[in-house]
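Enquirer: A predicted structure for the sequence below; I have some questions about it.
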Amino acid sequence: MMRIALLLLALLPSLVDCDHICDIPGICPAGYTCVPDTPYSGNCVADKVCKEDTCPEGEICEENKDRSYTCMCPPGSEREESECVPFCELPDACPDTLMECVPTPTSYNCTCPEDYLQQDDTCVPACQTDICPDNMACLLEHNRTLSCLCPEGEVAGGPDCVPACDSDSCPEHMECQADEFSYKCLCPVGYILTAEEKCVPECEIEPCSEDESCVQHEGVYQCCPAGHLPHPDTRLCTPSCLIPDICPAAMECLNHRQNGSYSCLCPDHSVLNSEGECVEYCELSPCPAGMQCLAAAEGFNCSCSDHSEECKKCSDNPCDQDFVCEQGEFTHQCVCGEGYTLKHGRCVDIDECQYEICNSVGGAKCTNTDGSYLCSCPGNTYYNDSSNSCDKFDVCLVDPCETSKTGMTCADLGVGFACLCPEDYPEEKCAEAEYPCDCGDNEECVRGEEGQYFCQCDKFSFMPISYGDQLCIPDPDILDAGTINPKKGVTFNLRLGETDTVVVRTKDAEKDRKSPWHLVSWYKMKEGMQITAGRTRTPEGHYSTPHFRQQLTIHNIRPEDAGLYRVWLEKPGHRPVSDDVTVHIEDPLTAKFGPKDLKEEGKWKFRVDLTAKLEDYTITWYRNIGGHLELLRDSGVKLEEGDRQLTSDKVPGVYIARLRGVLPGPSGTVITGEVQFDTAQL
């Protein structure tokens with residue numbers, strides 16, 4: 001047995017070198033463990049060098065080829081003396097205190113704050129004061145590059161910023177969108193581009209049925225019944241006042257059935273203050289000094305404890321502007337005036353027409369007014385308060401024909417009146433009278449079948465209720481055809497012989513695509529001449545009206561083109577409107593300067609300007625001395641610049657420049673002008 005053991009020990013080195021076979025369990029060299037694979041044999045397997053407790057906590061154990069090991073610091077750190085320290089915790093990890101240390105898997109980066117750039121090892125402010133021009137802003141981009149930006153609405157134009165869009169860049173309702181080199185005209189959200197290349201609200205194309213209203217909401221439209229709005233959560237059409245938070249918590253929502261809108265009202269006995277909050281009347285201290293505010297059913301009372309004389313009067317106007325002050329023995333009573341009622345802390349107008357206060361018999365019409373109402377009747381009738389009906393009255397009672405002045409008699413025609421000449425009155429003399437066609441405002445003169453004339457309200461007006469008051473007032477239910485700008489009194493200065501344009505801007509009363517667009521006409525008031533596009537009662541080609549007649553172009557301007565022009569705006573079913581503009585013709589010859597003293601030469605210099613466009617013109621200079629007119633063509637006189645500039649010896653007198661020329665074109669109109677320079681006082 002001893003011999004067998006010694007033999008095995010002798011063979012052990014070769015067994016270890018040969019795959020570490022251990023036929024005898026438990027016999028392996030140091031650093032190996034026998035792992036049996038049968039009950040009688042096994043393999044010697046190398047033990048692990050790196051174990052959980054081989055290296056200090058947090059360090060990484062790496063096995064070497066010679067079965068030794070090395071303890072390494074984890075990525076993002078390095079050994080400082082005997083410990084592993086993260087890179088960013090090392091002293092002086094970054095060279096600048098403003099820098100932020102950012103770890104990476106194998107190293108770290110030092111970055112400057114957002115508004116700084118790194119130059120060498122230092123953080124410096126990104127936008128220095130001299131980086132960009134004064135009118136540009138400096139911007140640090142995400143890629144850490146600098147840009148000089150123009151303010152909003154401007155683009156770079158060379159070294160400076162210039163406006164990208166101005167007020168005339170885009171048509172009405174279009175938004176100007178600037179880019180680097182130009183701009184675009186785009187429809188804003190909620191608008192749509194029509195075939196006419198105009199932006200209109202989507203609701204104006206009438207996408208909804210007749211019994212629905214179109215509601216614009218967040219750039220889109222929705223069809224809802226009147227008095228409804230889209231619910232913010234469900235987008236279903238919901239009565240306005242049922243939508244959550246449509247009014248502040250302390251306010252009450254009121255639906256208006258007439259127009260489908262709504263109002264947010266304060267509770268009774270309270271009023272909206274300047275901060276938009278509902279407060280009790282007395283919280284606003286409405287009473288004068290020394291008085292006590294007391295809440296009342298109809299508003300509030302101001303009372304005095306000392307019963308002073310000053311306190312008894314309403315002269316201090318203690319009530320809110322909506323209220324009327326009623327004087328009591330010791331208190332003020334603030335109540336709503338006649339025609340008003342207290343509603344949610346405010347005096348609101350009573351719509352008397354909803355109570356059928358004007359009886360409909362005879363066609364009476366009720367019009368609500370501020371604090372009252374108006375009952376009106378059609379034609380030649382008036383409203384009778386006692387019978388609540390429209391009764392006929394004799395319009396001739398107010399003597400509209402002024403019989404004593406004109407000699408005419410008045411005849412009631414039922415829809416107006418006629419001023420008739422007496423049978424024995426000379427007809428030619430009657431025709432010369434001021435009446436009968438001197439009609440008032442909002443009236444029109446009508447000729448009857450038998451030749452008589454009478455005045456009646458035009459189709460845009462009606463007769464009010466007062467008996468005997470023959471004033472026709474505009475019907476509030478009829479809109480004006482539109483507006484015209486500029487307003488009256490504007491003068492356009494034009495020059496002879498030139499072609500120039502008088503420009504107005506018209507705006508239609510409403511954008512109803514189903515009704516005809518408005519019509520613009522021009523009139524020359526002195527001649528009573530209408531100027532229309534293409535066909536005029538003027539010399540061929542002298543006038544034109546481009547751009548939908550919003551411009552009046554006068555070709556080869558003549559002296560007779562000066563005067564008053566009227567722009568007339570019409571639209572079916574609307575009240576016509578008009579405005580006047582004045583055309584002024586500039587003098588063809590004007591003074592530029594003179595006399596200009598040429599001291600070194602001992603002479604005077606004069607200069608005139610020719611403002612007209614003329615053919616074959618001449619400018620002649622004269623000197624008037626004591627009534628003697630001298631033609632300046634002799635020695636001592638120098639004419640320059642087409643005879644518009646004169647240099648002359650210093651001879652006191654009145655220097656005169658006279659112009660004579662002809663307008664271009666077939667008219668051959670002769671134009672003259674004169675400018676005088678008085679040197680007698682020099």
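Expert: Happy to help now that I have it.

Enquirer: next, give phi and psi for Cys410.
Expert: phi -100, psi 140 (degrees, to the nearest 10).

Enquirer: check Cys101 too.
Expert: The phi/psi pair for Cys101 (degrees, to the nearest 10) is phi -90, psi 120.

Enquirer: can you check Thr611 too?
Expert: Taking degrees, to the nearest 10 as the convention, Thr611 sits at phi -100, psi -10.

Enquirer: do Lys507 as well
Expert: Per degrees, to the nearest 10, the residue geometry at Lys507, taken as phi and psi, is phi -130, psi 130.

Enquirer: and it, how many neighbours?
Expert: 13 (other Cβ atoms under 10 Å). From N, CA and C alone the C-beta is placed, and that goes for glycine too.

Enquirer: so what sits opposite it in the bridge?
Expert: Counting by DSSP bridges, Lys507 is bridged to Thr483.

Enquirer: give the contact list for it.
Expert: 482-483, 485 (Cβ atoms under 8 Å, 6 or more residues apart in numbering).

Enquirer: closest to His584 out of those?
Expert: Asn485 (19.2 Å; Cβ to Cβ).

Enquirer: burial count for the residue lying closest to that closest one once chain neighbours are set aside?
Expert: Leaving aside its sequence neighbours, Asn485 sits nearest to Arg505 (Cβ to Cβ, 6 or more residues apart in numbering; 4.8 Å). When neighbours are counted by other Cβ under 10 Å, Arg505 registers 12.

Enquirer: nearest residue to Pro476 other than its sequence neighbours?
Expert: Nearest non-adjacent residue to Pro476 (Cβ to Cβ, 6+ apart): Thr367, at 6.4 Å.

Enquirer: next one: the one you found from Asp349, what distance?
Expert: 13 Å (Cβ to Cβ, to the nearest Å).

Enquirer: Lys65 too?
Expert: 103 Å.

Enquirer: neighbour count: these two, which is higher?
Expert: Remark: of Lys65 and Asp349, Asp349 carries more neighbours, 16 against 5, as counted by other Cβ under 10 Å.

Enquirer: related to what we said a few turns ago, which stretch of helix or strand covers the residue nearest to Pro476?
Expert: Assessed by DSSP states H and E, Thr367 sits inside strand 365-369.

Enquirer: quick one: the helix or strand following that strand to strand 365-369, angle?
Expert: Tracing the chain C-terminally past strand 365-369 and defining elements by DSSP H and E, one meets strand 372-376 next. For strand 372-376 against strand 365-369, the angle by axes from the mean of the first three to the mean of the last three Cα atoms, to 10 degrees is 160 degrees.

Enquirer: so what does strand 372-376 touch, helix or strand wise?
Expert: strand 365-369 (3 or more Cβ pairs under 8 Å, 6 or more residues apart in numbering; DSSP states H and E).

Enquirer: parallel or antiparallel, list what pairs with the strand it packs on.
Expert: Strand 365-369 is paired, per DSSP bridges, with strand 372-376 (antiparallel).

Enquirer: buried residues in the partner strand?
Expert: 373-376 (16 or more other Cβ atoms under 10 Å).

Enquirer: now do stretch 77-84
Expert: 77, 84.

Enquirer: give me the contacts around the strand holding Thr367.
Expert: Contacts of strand 365-369 (Cβ under 8 Å, 6+ apart): 349, 351-353, 356-358, 373-378, 462, 476.

Enquirer: one step back: let me have the contacts of Lys507 in JSON lines, extended by neighbour count and distance to Tyr340.
Expert: What follows is the contacts of Lys507, written out as JSON lines (neighbours: other Cβ atoms under 10 Å; distance: Cβ to Cβ, whole Å):
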{"residue": "Gly482", "neighbour count": "19", "distance to Tyr340": "34"}
{"residue": "Thr483", "neighbour count": "14", "distance to Tyr340": "32"}
{"residue": "Asn485", "neighbour count": "11", "distance to Tyr340": "37"}
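
Enquirer: could I get these as a markdown table with pLDDT?
Expert: Shown next, in a markdown table, are these (pLDDT from 0 to 100):
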| residue | pLDDT |
| --- | --- |
| Gly482 | 81 |
| Thr483 | 81 |
| Asn485 | 76 |
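
Enquirer: name the surrounding residues that touch stretch 593-600.
Expert: Counting by Cβ under 8 Å, 6+ apart, 604-607, 646-647, 655, 677, 679, 682 sit against stretch 593-600.

Enquirer: let's see it at 7 Å
Expert: The list of residues contacting stretch 593-600 from outside it, by Cβ atoms under 7 Å, 6 or more residues apart in numbering, reads 604-607, 677, 679, 682.

Enquirer: buried subset of those as a PyMOL selection?
Expert: What follows is the PyMOL syntax for the buried subset of these, where burial is set by 16+ other Cβ under 10 Å:
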select buried, resi 604+605+606+607+677+679
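
Enquirer: could you dump the contacts of stretch 593-600 to JSON lines with distance to Gly337 and pLDDT?
Expert: Converted to JSON lines, those look like this (distance: Cβ to Cβ, whole Å; pLDDT from 0 to 100):
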{"residue": "Trp604", "distance to Gly337": "76", "pLDDT": "92"}
{"residue": "Lys605", "distance to Gly337": "75", "pLDDT": "94"}
{"residue": "Phe606", "distance to Gly337": "72", "pLDDT": "95"}
{"residue": "Arg607", "distance to Gly337": "70", "pLDDT": "95"}
{"residue": "Phe677", "distance to Gly337": "69", "pLDDT": "94"}
{"residue": "Thr679", "distance to Gly337": "73", "pLDDT": "88"}
{"residue": "Leu682", "distance to Gly337": "73", "pLDDT": "67"}
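
Enquirer: so which of the contacts of stretch 593-600 comes closest to Glu202?
Expert: Taking the contacts of stretch 593-600 together and measuring to Glu202 by Cβ to Cβ, the closest member is Arg607, at 61.5 Å.

Enquirer: hang on, that closest one is in a strand, isn't it?
Expert: Yes - under DSSP: H, G, I helix; E, B strand; the rest coil, Arg607 sits within a strand.
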